[in-house]
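Peer 1: Just to be clear, the model below is a prediction. Sequence and coordinates:
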Amino acid sequence: MSAETRASIIVFLILLVAGLGVFFGYRYESNSSRADTAEANVLVQAKVIQMQADQQQAFNSIASTTANQNKSVDAKAEETVIEYRTILKREKTCDLPVPADIANGLLDYTYRLRVSAMHTTSGGTDTAGAGTAATSTLTYCQAVLWIQPLLAAIEKANNQLSAIQQAEQLRQVKTK
């Protein structure tokens, strides 16, 4: 083998080693870059998951507080109704009927509220509330006994709306 051939082989080997070094260096840098990107993505995902867990915990706390408030409202309303019944037993005018037009209007309004609160399918339902209702008289004492449960229902709905507002404010603050 001649010196020229040896020199060519040595140059070729040096270029080959240099080329392989550049190739593997590029691969290493590329893999390192991908690993850094993947690590950054994992950190972002971990932050999002933690934020969602914190929000869920806060929402559960708000829901629990609201449920406890509503149980208290129910208990107070029941106590008041029992107290009213005791008082009304002594009333002489307790059995006087409410005028029929007023009683029917209240009953119709009650049915409309009930129908609007129900999420039913349109097949086979009476959405107009035009069905026949049993006719009965409403006494003044019965009307009085309806008031406290209705006020309690309004208070519970207000508690739930307040909880929804708190949750929405919390969600808005956390997403900013």
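Peer 2: Structure received.

Peer 1: count of residues packed around the residue lying closest to Gln69 once chain neighbours are set aside?
Peer 2: The spatial neighbour of Gln69 that comes closest, neighbours along the chain excluded (C-beta to C-beta, 6 or more residues apart in numbering), is Asn159 at 4.9 Å. Where C-beta positions appear, they are placed from N, C-alpha and C, glycine not excepted. Asn159 has 18 neighbouring residues, counting by other C-beta atoms under 10 Å.

Peer 1: buried sites along the helix or strand hosting Asn159?
Peer 2: Asn159 belongs to helix 140-175 when assigned by DSSP states H and E. Residues of helix 140-175 classed as buried by neighbour count (16 or more other C-beta atoms under 10 Å): 141-142, 144, 148, 152, 155-156, 159, 163, 166-167, 170.

Peer 1: now do stretch 25-37
Peer 2: Buried, per 16+ other C-beta under 10 Å, within stretch 25-37: nothing.

Peer 1: what packs against the helix holding Asn159?
Peer 2: helix 3-88 (3 or more C-beta pairs under 8 Å, 6 or more residues apart in numbering; DSSP states H and E).

Peer 1: of the buried residues of helix 140-175, closest to Asp108?
Peer 2: Nearest to Asp108 out of the buried residues of helix 140-175 is Gln142 (C-beta to C-beta; 16.4 Å).

Peer 1: picking that back up, any chance of the buried residues of helix 140-175 in a markdown table, with pLDDT and distance to Leu107 too?
Peer 2: Below are the buried residues of helix 140-175 laid out as a markdown table (pLDDT from 0 to 100; distance: C-beta to C-beta, whole Å):
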| residue | pLDDT | distance to Leu107 |
| --- | --- | --- |
| Cys141 | 90 | 17 |
| Gln142 | 89 | 12 |
| Val144 | 89 | 16 |
| Gln148 | 91 | 19 |
| Ala152 | 93 | 20 |
| Glu155 | 94 | 23 |
| Lys156 | 94 | 23 |
| Asn159 | 94 | 27 |
| Ala163 | 94 | 32 |
| Gln166 | 92 | 36 |
| Ala167 | 91 | 36 |
| Leu170 | 85 | 41 |
